[in-house]
Each structure stands twice: as C-alpha cells, then as structure tokens.
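Chemist: curious how this folds, go ahead:
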Amino acid sequence: MKEIQEQHSHENNSHDHDHDHGKMPIILYFIGLALAIVALFLSDEYQFIKNIMFSLATISAGYHVIVLEGLGETIENSKNQKKFMPNSHILMGLAAIGASLVGNFWEGTLLILIFSGAHFLEDYAEGRSKREITKLLEMNPTTARLILPDGSTKNVDVSELKVGDQLQVLNGDQVPIDGVILSGSTSIDESSINGESIPKEKSKGDGVFGSTINGTGTFTMKVTKENKDTVFSKILQLVNQNQDNQTKAASIIQKFEPKYVTVVLIAIPLFMLLAPFLLDWTWSQSVYRGLVLLVAASPCALAAATVSATLSTTSNLAKKGVLSKGSSYLSQLADIKAIAFDKTGTLTKGKPEVTNYYFADSVNEENMIDIVVALEKESNHPLADAILRKFEQKNKLTIEVENQIGKGLTGDYKGRNYRIGKPTSFDDVSDEYSRLNNEWASEGKTVVYVAVDEEVIGLIALMDVPSEYAKETIEYFRKQGIHTTLITGDSEMTGKAVAKQLGIDEVITNVMPEDKSRIIDEQKEKYGVTAMVGDGVNDAPALVNADVGIAMGDGTDVAVEVSDLVLMQNNLSKLVQSHNISSKMNRVIWQNIIFSMAVVAFLIVVSFLGLTDIAISVIIHEGSTLVVILNGLRLLRAV
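Modeler: Residues are numbered from 1 along each chain as shown. Modelled structure (predicted):
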C-alpha cells in the first residue's frame with residue numbers, strides 16, 4: 001500500500017509541475033493575440049511596424065503549438081516509430097511562414113491564431129488533468145487494535161499486521177484488514193466492497209473485509225491476508241493500473257493526420273520543382289503558386305471541425321446535468337456496442353423499500369403495525385428505515401427493544417413477546433408463510449417474519465427497487481442494438497429478478513470488484529466499445545477500465561472522480577440524452593470534416609489552375625471555418 005501511496009505522491013508532484021508549465025503557452029497566445037489586434041488598427045503608413053508585429057504575434061501565439069508540439073512531437077514520434085510521423089501543426093507553421101514570405105503577414109498570423117486557439121480550446125475541453133485516487137487512499141484503514149498475548153490491546157499501523165494476528169473491532173469501527181471472526185457477532189456495511197446497501201450479519205467463522213464499516217456489535221478477528229493482498233488493496237491496484245494503461249482516445253482527425261501532412265509536405269515541394277518544366281512557369285511563379293497551394297491545403301477549417309461541435313455538446317450536456325471529462329469520451333459513447341450497469345444505486349434506488357406485507361386474518365392489522373413501528377424505531381438497520389417509511393403509527397407505543405444479532409428485534413408489550421427477524425431464525429412456520437416467503441424471495445426480495453410469542457403471524461418483503469428511468473433506459477439501449485449487462489455483487493436470485501424486471505440481456509452475479517474489471521475486458525473483446533455505469537468504490541476499477549466510465553452523481557467521490565461522464569442527478573434518462581446528443585455530435589463532426597476537406601480540395605484545384613491568390617484562399621478558408629463553427633454550435637440546442 002505504501003508503494004501505491006508513494007507512486008500517487010510522485011504523480012501528484014509531476015502533475016503540479018506540468019500544470020505550472022502549462023500556463024505559459026496560454027499567456028504567450030494572448031500576447032500574440034494582443035499584438036495582432038494592435039497591428040490591425042495601425043495605418044498602412046506603418047506597414048513595416050505592422051509586419052514586425054504580425055511576425056511577433058505569429059511566433060508568440062504559435063510557439064507552443066507549432067514549435068514545441070508540432071516540431072517537438074514530430075521529432076519524438078519519428079524517433080519512436082522509426083519513420084517520419086509529421087504533426088499537422090508543422091503544416092500550419094509552414095503555411096504561416098509561406099504567407100509571410102509572399103508579404104501576407106496578417107494571413108499567416110490569422111492562420112496561427114485560429115489553429116492555436118482551437119488547440120487550446122480542445123485541451124480545455126479534454127480536461128487533461130490525470131484522474132487521481134486520493135479519495136480511495138483516504139478510505140483505506142490505517143490503524144488497527146492488535147490484541148497482545150496478555151489480552152490487552154494496542155493501536156498499530158495496518159501495514160505492520162501479519163497473517164494470524166488477532167484484532168479487536170469495536171462498534172462503528174472500520175474493519176482494518178481482511179480476516180475471519182473469532183468471537184462476537186455484528187452486522188457490517190460491505191457496500192464499499194460489493195455495493196450491497198443492506199448490511200450483512202456476521203458471527204464466528206464469517207469472513208470480513210478491510211475498509212467495511214462495523215455496525216453495533218463488537219468482535220475479535222484473525223488476520224487472513226497481508227495488507228497488500230486485501231480486497232480493498234486490489235481495488236486500489238486495479239484503479240491505478242487501469243489508469244496508467246489508459247490512453248487518450250484518438251480523435252477522428254488524428255487517425256489520418258500524419259498521412260495527410262506527409263502527402264502535402266511531399267506534394268508541395270514536388271509541385272514547385274516540376275511546375276517550371278511541366279507547365280512552363282517561371283521559378284518565381286512556381287514558388288508563389290506552391291505557397292498558395294500550401295495555404296489552400298492547410299486544414300484551417302479542419303482544425304475547428306471538432307472543437308465547436310465538442311464544446312457545444314459539452315456545454316449542452318452540462319446544462320442537462322451531465323458532466324463530461326473530455327470530448328473523446330462523448331465520441332466513444334456514441335460508438336458503444338455494449339453497456340454494463342451496476343445494480344445498487346445505479347439501476348436501483350440504493351435503499352430498500354417495502355414491496356409486500358401480509359398478516360393473518362386473526363390479527364388486528366392496525367394494532368400490529370403500531371407494534372412493528374414501535375419495535376423498528378429502536379433499530380438503526382436500513383430495513384428498519386424502509387419499514388418506518390412504509391407504515392404509519394396510529395397509536396404511539398413505547399416498547400423496550402432488544403436487538404439480537406442473528407434473531408432480530410424483540411420486545412415485550414402487554415405481557416406478550418413480539419419479534420421481527422429473518423425466516424431462518426424461526427421454527428415451525430405454517431405452509432402459508434413458507435409459500436409466501438419462497439415466492440417473494442424468488443423475486444429477489446428480502447423477507448422478515450413478524451411473530452407473537454414465537455408464533456409467526458405475518459411477514460414483510462423488502463427490496464431495493466428499480467429507479468424511475470431504469471426500464472426505459474435499458475429499453476432504449478436494446479433498441480439501439482447495444483448489449484446490456486447487469487454486473488452485481490448480489491446473489492444470483494436478486495440479480496436475475498432485477499434483470500428480468502428491466503429486460504436486461506445478461507446478468508452476472510456474486511461479483512467481486514476485481515472481477516468487474518475483468519468482465520469489462522471480456523465485454524470489450526466480445527462486443528467492442530464498452531461503457532460501464534456505476535456509483536460505488538467497488539465499481540472504480542471497472543469504470544476506469546471501460547472505454548467510457550459513467551458515474552451516478554450521488555455515488556461515492558471515488559466513482560465520480562475516476563469516471564469519464566457524471567450524471568449529476570442520478571437520473572438515467574440523462575444517459576439516454578447523452579447517447580443521443582453524442583451520436584448527433586459525431587454526425588456533425590463528420591459533416592464538418594467532409595465539408596472542410598471539400599473546401600481544401602476546391603482551393604487546391606483553383607490554386608493549381610491559377611484562379612486564386614493567397615488573399616482569396618485565406619478568405620475562403622476563414623469563411624469555411626465560420627460555417628464549420630456555426631454548424632457545431634447547432635448542438636447547443638440539441639435534445
């Protein structure tokens with residue numbers, strides 16, 4: 001664990017350094033923009049000064065994008081790939097130099113301002129900061145109560161614990177490490193491991209997991225795993241590993257950028273060399289026409305083809321309560337072939353509700369409900385909250401209640417003993433109650449019996465029910481031909497019951513956090529681009545490993561932090577909107593790319609035929625850029 005913390009600390013230092021270094025390019029860009037604006041307002045009698053200012057503006061605004069990234073990345077990528085891998089930034093730099101060489105300093109500056117501006121906006125939209133695991137580290141237990149040979153306890157660092165050590169865990173404590181209970185009984189909130197909202201009752205011989213939260217009981221335990229091997233440590237390692245392995249998805253343009261730039265860089269000099277022989281031009285005409293062609297071939301509109309569309313989409317979704325950590329993830333969302341969902345808090349509301357109840361005909365239901373509410377008021381169990389939300393007391397009763405682990409709630413009222421507990425804690429139950437218990441349990445519901453003097457007279461069924469938009473969300477993705485999967489740590493019976501209710505294609509149950517990440521790998525291999533929707537710590541490895549990780553906004557900080565998209569209001573209908581708008585975004589991007597390339601092709605043809613000059617080429621370029629931007633802005637109103 002210390003290794004992970006040290007690595008995390010190192011990454012933070014690196015990140016801070018990069019961040020500080022990253023401010024200078026923006027400052028230089030705005031200096032260049034200011035110089036260009038001032039030069040524009042100077043009169044023509046100061047042409048020499050204007051040209052110097054335009055040149056300085058070009059150098060300042062383009063230094064980071066053209067020199068550091070364009071030239072630097074071209075050299076680095078070419079060394080790594082052992083072949084020429086030009087960056088399109090070089091093309092824009094050469095176009096600007098070419099425009100300046102033939103006296104069109106403003107046009108050269110304008111090309112760089114547009115291209116660099118688009119580049120910085122894209123970086124801003126992408127959210128370059130590396131996703132951290134700070135919240136996960138904070139949740140990791142750091143101390144434990146070690147039982148010494150003389151029976152006393154001593155607080156020690158979790159990293160010092162060895163397999164076989166005996167620990168004491170008090171009520172409300174965080175379980176420090178994986179182990180097995182030696183004595184005592186309790187209920188433990190294991191949602192950080194399996195996502196299940198209902199605490200599990202534990203007694204001697206049961207396994208416990210580090211980072212889970214102990215309930216009202218106190219117990220002793222034996223350590224069965226070293227700290228680095230615990231389930232929670234595995235979650236940390238998987239998140240860290242998947243995060244390191246994840247590369248930024250290449251944009252549509254980046255896929256063919258090197259080839260396009262290489263073709264232009266070869267074609268233009270060839271044109272300049274061959275034109276005097278093939279077309280009977282002078283060398284000066286050939287060089288000038290070559291520079292016109294270079295300006296014409298520069299992907300000016302192409303540079304803005306994605307930016308306006310992605311920024312508009314990001315802004316639109318933000319207004320709808322969906323936060324995107326990068327336009328590439330929105331593009332990926334539109335292309336998904338499979339989508340996996342966590343159950344608790346994602347497809348379901350995250351807390352149980354009373355779905356069914358039944359009392360014997362001989363029982364006064366109103367009085368019985370008063371007694372049930374009086375008993376449950378003294379319990380801090382999530383099931384108690386659900387029962388209290390469902391039933392309203394007509395007459396307020398005061399009953400002294402005892403919470404017995406393994407048996408449930410018990411209390412005496414008017415000389416009779418009342419108990420609410422799980423079915424397995426009762427003997428001699430009539431066939432009627434057994435039948436209802438089996439029927440409701442087969443639907444994935446948790447059932448409790450209500451008894452008077454140990455005779456069962458009623459039962460209550462509870463379930464974490466599907467959220468409002470879950471069914472229509474699953475239906476939407478199925479209609480799109482996208483494979484849907486439920487991945488849950490719950491039992492097979494509960495998982496299948498929820499999947500059946502919602503119409504999910506596939507259900508995988510009894511899943512541990514490390515399994516979720518592996519299942520996502522399998523889905524990616526089987527179906528292609530895969531999304532994962534979750535809300536818990538246990539979902540973090542899968543969220544990072546998926547092509548698109550989507551977190552519910554009310555989920556844990558960790559899930560939100562490592563995800564690519566966040567649904568701020570836990571509203572799955574927003575996921576449907578996101579997929580719809582992302583699909584529109586991809587269509588608009590392709591429209592812009594095709595239009596931009598058509599303009600480039602047109603300008604190359606007319607330039608080759610001598611029907612245009614640099615000024616006209618730049619005007620058409622900037623006009624096409626404006627068209628592309630306006631087309632992208634349509635996505636601000638997409639629904």
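
Chemist: check for me that T216 belongs to a helix.
Modeler: No. With DSSP: H, G, I helix; E, B strand; the rest coil as the criterion, T216 is assigned coil and is not in a helix.

Chemist: if you drop the residues flanking it in sequence, what lies closest to it?
Modeler: Excluding the flanking residues, the one nearest T216 by Cβ to Cβ, 6 or more residues apart in numbering is N171, at 5.0 Å. C-beta: built from backbone N, CA, C; applies to glycine.

Chemist: list the residues that contact the one you found.
Modeler: Shown in contact with N171 (Cβ atoms under 8 Å, 6 or more residues apart in numbering): T186, N214, G215, T216, G217, T218.

Chemist: of the residues you listed, grab the buried ones for PyMOL.
Modeler: Restricted to buried positions by 16 or more other Cβ atoms under 10 Å, the PyMOL selection for those reads:
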select buried, resi 186+214+215+217
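
Chemist: just the helices in the stretch 251-400 of the chain please.
Modeler: 252-278, 283-297, 300-305, 307-319, 327-334, 365-376, 382-390 (DSSP state H, counting those that start in this stretch).

Chemist: run through the residues that contact the nearest residue to D165 once chain neighbours are set aside.
Modeler: For D165, ignoring the flanking residues on the chain, the nearest one in space by Cβ to Cβ, 6+ apart is V223 at 4.5 Å. By Cβ under 8 Å, 6+ apart, V223 lies in contact with L161, K162, V163, G164, D165, Q166, L167, I177, D178, G179.

Chemist: convert the C-alpha atoms of the helix or strand containing F30 to CSV, please.
Modeler: Using DSSP states H and E, F30 sits in helix 23-41. Extracted in CSV, the C-alpha atoms of helix 23-41 (Å, rounded to 0.1, in the frame of the first residue of the first chain):
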residue,chain,number,x,y,z
LYS,A,23,0.2,28.3,-18.0
MET,A,24,2.9,29.9,-20.2
PRO,A,25,1.6,28.8,-23.6
ILE,A,26,-1.8,30.4,-22.9
ILE,A,27,0.0,33.6,-21.8
LEU,A,28,2.1,33.7,-24.9
TYR,A,29,-1.0,33.0,-27.0
PHE,A,30,-2.8,36.1,-25.6
ILE,A,31,0.3,38.2,-26.0
GLY,A,32,0.3,37.2,-29.7
LEU,A,33,-3.5,37.9,-30.0
ALA,A,34,-3.0,41.4,-28.4
LEU,A,35,-0.1,42.2,-30.8
ALA,A,36,-2.2,41.1,-33.8
ILE,A,37,-5.1,43.3,-32.8
VAL,A,38,-2.9,46.3,-32.2
ALA,A,39,-1.2,45.8,-35.6
LEU,A,40,-4.6,45.6,-37.4
PHE,A,41,-5.5,49.0,-36.2
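
Chemist: now for that helix, which elements pack on it?
Modeler: Judged by 3 or more Cβ pairs under 8 Å, 6 or more residues apart in numbering; DSSP states H and E, helix 23-41 is in contact with helix 47-62, helix 105-126.

Chemist: for those, which has the smallest mean pLDDT value?
Modeler: The weakest mean pLDDT among the helices and strands packed on helix 23-41 belongs to helix 105-126, with a mean of 71.

Chemist: most distant residue from the middle of the protein?
Modeler: Distance to the chain centre peaks in the chain at D280, reaching 60.2 Å (criterion: Cα atoms, centre = their mean).

Chemist: any idea how far that residue is from L270?
Modeler: Separation of D280 from L270 (Cβ to Cβ, to the nearest Å): 17 Å.

Chemist: give the helix, strand or coil label for P141.
Modeler: Under three-state DSSP, P141 comes out as coil.

Chemist: quick one, phi psi at it?
Modeler: Dihedral pair for P141: phi -60, psi 140, per degrees, to the nearest 10.

Chemist: tell me the mean pLDDT for whichever helix in the chain runs longest?
Modeler: Looking across the chain with DSSP state H, the single longest helix is helix 573-608. Helix 573-608 carries an average pLDDT of 88.

Chemist: ditto for stretch 368-377
Modeler: For stretch 368-377, the per-residue pLDDT averages 90.

Chemist: and D453, what does it touch?
Modeler: Counting by Cβ under 8 Å, 6+ apart, D453 has contacts R416, N417.

Chemist: give me the pLDDT value at it.
Modeler: pLDDT, D453: 91.

Chemist: how close does it sit to G421?
Modeler: 14 Å.

Chemist: cool, and G345?
Modeler: Distance from G345 to G421, by Cβ to Cβ: 27 Å.

Chemist: and what of N77?
Modeler: Counting by Cβ to Cβ, the gap between N77 and G421 amounts to 67 Å.

Chemist: neighbour-wise, which of the two wins?
Modeler: Taking neighbours as other Cβ atoms under 10 Å, N77 and G421 compare with G421 leading, 18 against 15.

Chemist: report the secondary structure state of the residue nearest to T216.
Modeler: Applying three-state DSSP: N171 is coil.

Chemist: tell me who's in contact with the residue lying closest to G217 once chain neighbours are set aside.
Modeler: In space, and not counting its chain neighbours, G217 is closest to T186: 2.8 Å by Cβ to Cβ, 6+ apart. Counting by Cβ under 8 Å, 6+ apart, T186 makes contact with V169, N171, E201, K202, S203, N214, G215, T216, G217, T218, F219, I405.

Chemist: likewise L35?
Modeler: Residues in contact with L35 (Cβ under 8 Å, 6+ apart) are M53, F54, L56, A57, S60.

Chemist: now do 10 Å
Modeler: L35 sits next to I52, M53, F54, S55, L56, A57, T58, I59, S60, A61, T109 when contact means Cβ atoms under 10 Å, 6 or more residues apart in numbering.

Chemist: now restrict those to buried residues only.
Modeler: M53, F54, S55, L56, A57, T58, I59, S60, A61, T109.

Chemist: quick revisit: and the pLDDT at the residue nearest to T216?
Modeler: Taking N171 on its own, its pLDDT is 88.

Chemist: lovely, talk soon.
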